[in-house]
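[1] Quick one: sequence and predicted model below, then my questions.
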Amino acid sequence: MIHRQSYDEVLDTIIASDQRYHRDAFHFVREGLDYTQQTISNQEDGTVRHITGQELLGGMRAHAIEEYGPMALMVLDEWGASRCEDFGEIVFNMVAHELLARTD
């Protein structure tokens, strides 16, 4: 029987090899992706499609402001994610470990 790792087990593996980002930063990126996809789907009559990096960053920004208000920058900084490049690194880690799907 093949054991497939749970989402949290895969996150444990990522965090063990790359300790720059807090676990909550990975959860936030996943939530930000869901938020962005939902927002775009609502704007495009239910269409689900690949989102660009720029769209994801905009969606995560909106989600952070909605979720954390004026404390958003402080919260993200506490998690080690203070620059756009940090979110890119988190996404690449998640794609490399198959927590997110990749498209061309």
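    Ah, there it is.

[2] so how far is Val29 from Trp79?
    10 Å (CB to CB, to the nearest Å). Backbone N, C-alpha and C define where each C-beta goes, glycine included.

[3] ok, those two, which is more surrounded?
    Counted by other CB atoms under 10 Å, Trp79 and Val29 do not tie: Val29 has more neighbours, with 24 against 18.

[4] Which helix or which strand is home to the closest residue to the more buried one other than its chain neighbours?
    The shortest distance from Val29 to any non-neighbouring residue, by CB to CB, 6 or more residues apart in numbering, is to Ile90 (4.9 Å). Using DSSP states H and E, Ile90 maps to helix 84-96.

[5] and that helix, C-alpha only, in PDB?
    C-alpha atoms of helix 84-96 as PDB (Å, rounded to 0.1, in the frame of the first residue of the first chain):
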ATOM      1  CA  CYS A  84       6.900  39.700  -3.700                       C
ATOM      2  CA  GLU A  85      10.000  37.400  -4.200                       C
ATOM      3  CA  ASP A  86       9.200  35.700  -0.900                       C
ATOM      4  CA  PHE A  87       5.800  34.700  -2.200                       C
ATOM      5  CA  GLY A  88       7.400  33.500  -5.400                       C
ATOM      6  CA  GLU A  89       9.700  31.300  -3.400                       C
ATOM      7  CA  ILE A  90       6.800  29.900  -1.400                       C
ATOM      8  CA  VAL A  91       4.900  29.100  -4.600                       C
ATOM      9  CA  PHE A  92       7.900  27.500  -6.200                       C
ATOM     10  CA  ASN A  93       8.400  25.300  -3.000                       C
ATOM     11  CA  MET A  94       4.800  24.300  -3.100                       C
ATOM     12  CA  VAL A  95       4.900  23.500  -6.800                       C
ATOM     13  CA  ALA A  96       8.100  21.500  -6.400                       C
END
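
[6] and that helix, which residues are buried?
    By neighbour count with 16 or more other CB atoms under 10 Å, helix 84-96 contains the buried residues 86-87, 89-91, 93-94.

[7] Tell me the pLDDT of the residue nearest in space to the middle of the chain.
    Centroid-nearest residue in the chain: Val29, 1.6 Å away (criterion: CA atoms, centre = their mean). We have a pLDDT of 97 for Val29.
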